[in-house]
Structures are given as C-alpha cells and as structure tokens.
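Chemist: Here is my input, please return the structure:
(2 chains)
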Protein chains: 2
Amino acid sequence: MYWLVTPCHLFRETSAVTTLSPTPRTTLDRHRERALHDRGALLDVLADALVCHLGVIVDGDPVVLPTAFGADPDGPDRGGTLYLHGSVAASSLRTGLESDLCVTVTQLDGLVLARSAFHHSMNYRSAVIRGSGRLVDDEQEKVRALGLIVDHVVPGRASTLRPHRRKELAATVVVALPLYEASVKQRGGDPVDDADDIAAGIWAGVVPVRMTAGDVDTSADAHGVEIPDHVVRRAGRLRQRE
Amino acid sequence: MYWLVTPCHLFRETSAVTTLSPTPRTTLDRHRERALHDRGALLDVLADALVCHLGVIVDGDPVVLPTAFGADPDGPDRGGTLYLHGSVAASSLRTGLESDLCVTVTQLDGLVLARSAFHHSMNYRSAVIRGSGRLVDDEQEKVRALGLIVDHVVPGRASTLRPHRRKELAATVVVALPLYEASVKQRGGDPVDDADDIAAGIWAGVVPVRMTAGDVDTSADAHGVEIPDHVVRRAGRLRQRE
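Modeler: All right, here's what the predicted structure looks like:
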C-alpha cells in the first residue's frame, strides 16, 4: 500500500546519476520509474503549486511550515533560485539556516483506488529541493524576490502594486535556496493490481482531483472598484486547468 | 507581506497555555489571533485534507515528504493517534523515529490580494503536529491503521476490500503519532490594508480556491464494472464542498 509518496522522495546512497539529482541524497531509491530527470519538470511542478512546505530543524527536531514561494530559474544561485520569505519577528527561517533546508511541493492529481488496500496510491507530481539557505541582504534582490513571490501566486500582479515601504522591507526576511539539489517524481494513470484481484472482476479506478477557483470576492472596502484583468485571468486559469 | 503561514506555526518559549497546545513549542508566537484552541478544530482540518507533509531528520538535515494519513481521535496515544505508513524498503520513516516527527496539514482556501505586496496573504486552515513516533508492531492495530488511512481518502472503502495478505503487511511500516502536541491556525476573510492604501481607491479582494474532483475514471481493466457508491459519494462531496 504505497499511498502517494510514501516514501516518494527517499535519499540514500546510490550510484545513479541524473542531470537533476546531482547528489546521492536527492536520487530516488524507491519507485525510480516515477522520477523525472530534467529541469523543465522541476519548474513545471513549481509553476503549478500555490504553496510549498518548508522543513527546518528547530531545537533538534524537524518543523514543517506551509508557505508561499517564488522561483527564478536564472537566479544567482547554482541551478537558479527558489525564494521564501517571512517576518523578522519569526525565528524559524533564520535559525533554520543553521542546517540545510528542505522545500517540498506537491500537486495532487488523483486518488488511485485499487482492488486491494496495498495497491492504493495517489496520482501526483512533487518536487523535493534541499540545500543551504542564503539570507538575502541585497535590497535590489530582496525587492525582486518579493515580486517573484507575488507574481507566482497571481502572475502580473507585482508591477501593479505601489513600491515597498522601507519599514515593510525591514520587517521581512527573504531566504534563497538553490534549485540545484532536487528530485521530481510523479505518478499517473490507473491502479496497478495483482492479476488475481483483476480476475475477480472488482471495480478499480481513479478519482481525479485538482485545485479550482471560485468567483473573485472584492473586499468590502473596495466595492465599486473593478477587478483587475490579471486577477480575473488568474481565477480563470485555475478553473480551466485539467 | 505575510503570505500564508510564514511563519504560521512558530515554536518559541511563551507563557501562553491552551488546551490544544500543551507545550510551549506548539504555542504560536506570531498571529496568535489566528490560532484555534480546541480539538474539534484540529480534527476538522485533518478531516478535510487528503495528504500531509511529514518532516523527519535524515543525516542531520530535514526532509519533507508528502504522504497519506489516517486519524483516530480515540487511538491509543495521548490525545488520539495519527497514523502514517510506508514501505519497509524505505528507511526514512524508521530512521526518522530517532528524533521527533512533525506532520503538517494545510488546506488552502483563498489567495488574499491586498493593495500592497506586504499585506498579501492566503486564507487557509493548517495544523502542525509534533511528537515522538511509535512503530506499530501489533498486527491488529496495524490492520486497523491501514483501514483508517484508506477510509480517510475514501470513507467506507476499507470494508469493501479483500483482507491484507501476509506479505503485504510484512512489506508495510506503520507509524503512530500522538494527536497531543499540536497547533491549529487559520485565516479567513478580506485583506487587511493600510488606511492610506484603502483611501487610494485601489482594488483588493480574495480569489477563493479549493480542491475539487473530476469524473471518476474506471480502470481500463475494469470496464463494465459499476462504480461503487462510496466512490461516487467521495467524488460528489469533493465537488460540492465550499
């Protein structure tokens, strides 16, 4: 019963080498047939996701936090840059930099309902990115990163907003993670059952799932102001995609 | 710019005590107004989620893996039990037991588009559960846990499946985590903007998002077999919920 990615991304010594997984610890040792090896697949998984889950170590134990992110394939870090941000009042992003970070992005595509519990699974695309985080000190890079994070959620929005205020930038921590050490994995299609279970004539199949958008809600304090085109487009694209 | 939960769940020494967060490290120190304090809220967040993100430490660094889960509010652990599972061929679940585990569940409800980048956010419900994992050795509990994991994804399905085979159980690791040390947080509603940005007459609002289901796909090797009611109900409930 290998539901989803349990353990989708497993990091263990192996001799396999791929272009996307340059280190042993991001080389899959389970369900290698589900691994994707090119950078385009990594960027596609990131592009479709609204949030990531950031893993850090706090006081010796792991903590997993959901958060927004932005990606710059041509960013200054090796392989490009993933950007995260947080409040300076929060210690996790900064203390988390004392060890490596892990950022995981998961897009769920379907519930895979097999004849046996054991062969149940999920259809998904997921990426695991590991590496050393870099605190972004340069103001120009920080502003650019925050724009990428806004535009990741709603493309085209950052350029419509007023400039950051100084106190807003001072209150915000931005961390960069290289898009270098990563694994990408996906599963698609029907359940894979044992032959005797198939012969028994039991139903099996997939419930496709996806994220969708409802009607855009204008804020109570903005009644009468027209919804910007980039917001309408964002909602429409979430509704249309397969 | 506090997108989503950055840092939604932050664990730092504080004197606040709630019924749900019995230890300092699961007491929120940022956006405490977004904290929920009752066990019902925790179970509701878990009930609505299809996957969780499990954080473990591997060779000194954090690794975050998406995976299915099941929950038993009356389970044998303090506060009830969250169940995870994996393959015995995978080392992460077992080596991860050498330190505490962190399981995070995130339900995204909306993109909160403010007048400034800084006040952008997301509407969400999320839970962070931390604690020491317990390897489930007892076969009866293991079978029950696997049934809960199946039924979490499609309620009513486990009882329709054939019994586990011995080799299937032997190939599967089940880990229990107490539903005891947890924090639950949510954000809802409109963006909260600065007064001068509101006065400028700029649009702001929310794009509601949610998971939905498509038409159930019957496997190519099950053509002609009727889709079970519990599967039809599951897809329908995913489509209908707000």
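Chemist: so who does the closest residue to residue A:165 other than its chain neighbours touch?
Modeler: The shortest distance from residue A:165 to any residue other than its chain neighbours is 7.4 Å, reached at residue B:118 (CB to CB, 6 or more residues apart in numbering or on different chains). C-beta: built from backbone N, CA, C; applies to glycine. Applying CB atoms under 8 Å, 6 or more residues apart in numbering or on different chains to residue B:118 gives the contacts A:164-165, A:168, A:171-172, B:1.
Chemist: Narrow those to those in helices?
Modeler: Secondary structure defined by DSSP state H assigns residue A:168 of the contacts of residue B:118 to helices.
Chemist: would you list the contacts of residue B:118 in TSV and tack on distance to residue A:38?
Modeler: Compiled in TSV, the contacts of residue B:118 are given as follows (distance: CB to CB, whole Å):
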residue	distance to residue A:38
A:164	35
A:165	41
A:168	38
A:171	38
A:172	33
B:1	32
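Chemist: And the contacts of residue B:118, which is closest to residue A:131?
Modeler: residue A:172 (21.4 Å; CB to CB).
Chemist: Residue A:84 is in contact with the closest one, correct?
Modeler: No - using CB atoms under 8 Å, residue A:172 and residue A:84 do not qualify as a contacting pair, with a distance of 10.9 Å.
Chemist: what ranges do the strands span in chain A?
Modeler: Per DSSP state E, chain A carries strands over the ranges A:35-36, A:52-58, A:61-67, A:70-72, A:81-87, A:101-113, A:121-131, A:134-135, A:172-178, A:181-187, A:205-213, A:217-218.
Chemist: Scan chain A for its longest helix.
Modeler: Among the segments of chain A that qualify as a helix by DSSP H, the longest is helix A:139-153.
Chemist: Can you get me a residue count around residue A:180?
Modeler: Neighbour count for residue A:180, taken as other CB atoms under 10 Å in any protein chain shown: 20.
Chemist: and the nearest residue to it once chain neighbours are set aside, what does it touch?
Modeler: Computed as CB to CB, 6+ apart, the closest residue to residue A:180 that is not its neighbour in sequence is residue A:79, at 3.4 Å. By CB under 8 Å, 6+ apart, the contact list for residue A:79 reads A:39, A:178-182.
Chemist: how about TSV for those residues, with pLDDT added?
Modeler: Listed next are the contacts of residue A:79 as TSV, based on pLDDT from 0 to 100:
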residue	pLDDT
A:39	87
A:178	95
A:179	95
A:180	93
A:181	93
A:182	93
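Chemist: Specify which member of those is nearest to chain B.
Modeler: residue A:181 (10.6 Å; CB to the nearest CB).
Chemist: Hmm, that closest one is touching residue A:127, no?
Modeler: No - assessed by CB under 8 Å, residue A:181 is found out of contact with residue A:127, at 11.3 Å.
Chemist: These two: which is more packed in?
Modeler: When neighbours are counted by other CB under 10 Å, residue A:181 and residue A:127 differ, and residue A:127 comes out ahead with 28 against 22.
Chemist: Centre of the chain to stretch A:195-212, how far?
Modeler: The gap between where stretch A:195-212 is centred and where its chain is centred comes out at 27 Å by CA atoms, centre = their mean, to the nearest Å.
Chemist: what about that stretch, how long is it end to end?
Modeler: Stretch A:195-212 has an end-to-end distance of 36 Å (criterion: CA to CA, to the nearest Å).
Chemist: any bit of it sitting next to chain B?
Modeler: Yes - figure legend: stretch A:195-212 in contact with chain B (CB under 8 Å from any CB of the partner chain); contacting residues A:197-198, A:201-212.
Chemist: So among these, where is pLDDT lowest?
Modeler: When the residues of stretch A:195-212 next to chain B are sorted by pLDDT, the bottom entry is residue A:201 at 91.
Chemist: so who does the nearest residue to it once chain neighbours are set aside touch?
Modeler: On the basis of CB to CB, 6+ apart, the spatially nearest residue to residue A:201 that is not a chain neighbour turns out to be residue B:225, at 6.2 Å. By CB under 8 Å, 6+ apart, the contact set of residue B:225 is A:201-203, B:218.
Chemist: Give the bridge partners for the most centrally placed residue in chain A, please.
Modeler: With the centre of chain A defined as its mean C-alpha position, the nearest residue by CA atoms, centre = their mean is residue A:105, 2.4 Å away. As for beta bridges, residue A:105 partners with residue A:127 under DSSP bridges.
Chemist: what's the neighbour count on residue A:200?
Modeler: Here the count is done by other CB under 10 Å, and residue A:200 has 11 residues near it.
Chemist: Run through the residues that contact the closest residue to it other than its chain neighbours.
Modeler: Spatial nearest neighbour of residue A:200, excluding adjacent residues (CB to CB, 6+ apart): residue A:115 at 7.1 Å. Residues near residue A:115 by CB under 8 Å, 6+ apart: A:191, A:193-194, A:197-198, A:200, A:202, A:204, B:161-162.
Chemist: How much space separates residue A:42 from residue A:189?
Modeler: Using CB to CB, to the nearest Å, one obtains 21 Å as the distance from residue A:42 to residue A:189.
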